[in-house]
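Chemist: Predicted model, plus sequence, below.
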2 protein chains.
Amino acid sequence: MAPTTQQPAEPAAPTRGKGRPRSAAADLAILEATRQALAELGWGGLTMGDVATRAGVAKTTLYRRWPSKNELVVDAMAILFDQLEVADMGSLQADVEAVVAQFADLLSRPETQAALLALFAEGSRDPQLRRRIQEQIVEPQKVLVQQGRANAQARGEMVPDEDEHAACEEIDIIFDTIAGTVEHRLLVSGRPVTQEWIHRFATLLLNAFPGTTC
Amino acid sequence: MAPTTQQPAEPAAPTRGKGRPRSAAADLAILEATRQALAELGWGGLTMGDVATRAGVAKTTLYRRWPSKNELVVDAMAILFDQLEVADMGSLQADVEAVVAQFADLLSRPETQAALLALFAEGSRDPQLRRRIQEQIVEPQKVLVQQGRANAQARGEMVPDEDEHAACEEIDIIFDTIAGTVEHRLLVSGRPVTQEWIHRFATLLLNAFPGTTC
DNA sequence: GCAGATACGCTACGACCAGTAGCGAAAGAG
DNA sequence: CTCTTTCGCTACTGGTCGTAGCGTATCTGC
């Protein structure tokens, strides 16, 4: 999921190479300050004025780059989702546990939770944004499932796919189950995702899906 | 989940049967107006003044019943989830399918999606709100899983629980899996939940959990 | 170097909203 | 008929988002 981020994250008026260029250092400082402030104060406590002060920047500078607080925070967080990867740990169970652990780790941070849910919420009201979310965040994550299956099949743990269409649907359902369960536990139920929980969940998951030959 | 709602939903100062009683019609109008406004405008766009206007009521009337915007919105949404019920359809599979269908039906309405996501998003920013969501919306839903298990055990489809603690954890994981998967498919992936999908999902679910004797 | 163009920091300001206070009037309870 | 409580209304405080206007700093093109 590495190539997901789009552009250098500033959707505001792009510089056109004439006068004084925008300070790249300010961008970094602002994004970092946003992450920090969000972690410390939570969404409700975070104010644009505070972010500006932390970044050593005027509040107006923030608004020259991001049209609103929402966009700023989402951009500050979006980078994090590109880090997920599925490594070949030697067995399907281990692979599933590893990727669930990464996913859970990412979603355990309160800032990430707030930013992601804000994004989803806004997306539910704006079809265009919703499409972007799916193209840039949801779909890429499915590749993880596909790759995990491919690895398992290469290791002989799983019979190869016969029906292309059925396999595709199965990937959908697996993806929704993994992502949905972890998200629900962390974002809604508000319970932690421990190593033990991951193990139990992965075991159940492998029980549920036939086609594994181990 | 019918017997879940506590009191007539007004946690504010309860009437003590002396003077003019509170208008029940106003309550309904306010809650309905809240849901509508939340779906239309999102959390940020929803204002107490607007809700009051939509409900044909003074803003002060809102604050006489609910101490803050948070409480009002939680109450307005919680009602929707009180309608879920687990009926004894004769088999565990049928019971699961029935309750999933109800849940999916509820979450299929775009207004509900928008409103619920707005609530979750805000909850991730405000710990107090988050606790209320859990107490009033999440926890009560677990009763559905408990009751489904009890029914299955009474029918002899499932062995009775031996370890209380283990059973409790299993209920947690089942609940997160069902709710999370359906929510993710509808709210994030944006794909429909058909009868056929429900059937496949329920089948997988029963595969995953041992202890069923059929 | 020297213009022109643009970003920057600063201060001040408008707009909006959560939540409160106090009033007279309305509507039930006993 | 009286007493109690709710109701709508208006006005208010405090805080935040987001903008406007200004003088200054910094870079590009010539």
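Modeler: Cool, got the structure. Numbering: from 1, shown residues only, chains lettered A, B, ... in the order given.
Chemist: Around DNA strand D, which positions in chain A sit nearby?
Modeler: A:17-21, A:46-49, A:59-60, A:63, A:67-69 (Cβ under 7 Å from any atom of the strand). From N, CA and C alone the C-beta is placed, and that goes for glycine too.
Chemist: Pull out the buried residues from those.
Modeler: A:46, A:48, A:69 (16 or more other Cβ atoms under 10 Å in any protein chain shown).
Chemist: any chance of those residues in JSON lines, with secondary structure, pLDDT and distance to DNA strand C too?
Modeler: Formatted as JSON lines, those follow (DSSP: H, G, I helix; E, B strand; the rest coil; pLDDT from 0 to 100; distance: Cβ to the nearest atom of the strand, whole Å):
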{"residue": "A:46", "secondary structure": "coil", "pLDDT": "86", "distance to DNA strand C": "16"}
{"residue": "A:48", "secondary structure": "helix", "pLDDT": "92", "distance to DNA strand C": "10"}
{"residue": "A:69", "secondary structure": "helix", "pLDDT": "84", "distance to DNA strand C": "13"}
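Chemist: looking at chain A, which helix or strand is least sure?
Modeler: Least confident helix or strand of chain A, by mean pLDDT, DSSP states H and E, is helix A:127-133 with a mean of 77.
Chemist: What separation do you get for residue A:163 and residue B:162?
Modeler: Distance, residue A:163 to residue B:162, by Cβ to Cβ, to the nearest Å: 41 Å.
Chemist: could you turn the top helix by length along chain A into PDB, dropping everything but the C-alphas?
Modeler: Identified as the longest helix of chain A according to DSSP state H is helix A:24-45. Output of helix A:24-45 as PDB, limited to C-alpha atoms (Å, rounded to 0.1, in the frame of the first residue of the first chain):
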ATOM      1  CA  ALA A  24       8.600  23.400   2.700                       C
ATOM      2  CA  ALA A  25       9.900  23.400   6.300                       C
ATOM      3  CA  ALA A  26       6.700  25.200   7.300                       C
ATOM      4  CA  ASP A  27       4.600  22.400   5.800                       C
ATOM      5  CA  LEU A  28       6.500  19.700   7.700                       C
ATOM      6  CA  ALA A  29       6.400  21.800  10.900                       C
ATOM      7  CA  ILE A  30       2.600  22.300  10.500                       C
ATOM      8  CA  LEU A  31       1.900  18.600   9.800                       C
ATOM      9  CA  GLU A  32       4.000  17.500  12.700                       C
ATOM     10  CA  ALA A  33       2.600  20.100  15.000                       C
ATOM     11  CA  THR A  34      -0.900  18.900  14.000                       C
ATOM     12  CA  ARG A  35      -0.100  15.300  14.800                       C
ATOM     13  CA  GLN A  36       1.400  16.300  18.200                       C
ATOM     14  CA  ALA A  37      -1.400  18.600  19.200                       C
ATOM     15  CA  LEU A  38      -4.000  16.000  18.100                       C
ATOM     16  CA  ALA A  39      -2.300  13.400  20.200                       C
ATOM     17  CA  GLU A  40      -2.000  15.600  23.300                       C
ATOM     18  CA  LEU A  41      -5.300  17.500  23.200                       C
ATOM     19  CA  GLY A  42      -7.600  15.300  21.100                       C
ATOM     20  CA  TRP A  43      -9.700  16.700  18.300                       C
ATOM     21  CA  GLY A  44     -11.800  18.900  20.500                       C
ATOM     22  CA  GLY A  45      -8.900  20.500  22.200                       C
END
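Chemist: Need the contact partners of that helix.
Modeler: A:8-10, A:46, A:50-52, A:54-57, A:61-62, A:65, A:72-73, A:75-77, A:109-111, A:114-115, A:118, B:124-127 (Cβ atoms under 8 Å, 6 or more residues apart in numbering or on different chains).
Chemist: And stretch A:37-52, what's buried?
Modeler: Quick answer for stretch A:37-52 (16+ other Cβ under 10 Å): A:37, A:38, A:42, A:43, A:46, A:48, A:50, A:51, A:52.
Chemist: again, but for stretch A:190-200
Modeler: Buried residues in stretch A:190-200, counted by 16+ other Cβ under 10 Å: A:190, A:193, A:197, A:198.
Chemist: biggest separation within those residues, which pair?
Modeler: A:190 and A:198 (17.0 Å; Cβ to Cβ).
Chemist: Could you report the distance from the most centrally placed residue in chain A to residue A:39?
Modeler: Nearest to the mean C-alpha position of chain A, by Cα atoms, centre = their mean, lies residue A:81 at 3.4 Å. To residue A:39, residue A:81 is 17 Å away according to Cβ to Cβ.
Chemist: now residue A:21
Modeler: With Cβ to Cβ as the criterion, residue A:21 and residue A:39 are 30 Å apart.
Chemist: Would you tell me what the next helix or strand after the longest helix of chain A is?
Modeler: Once the chain leaves helix A:24-45, the next helix or strand it forms, by DSSP states H and E, is helix A:48-55.
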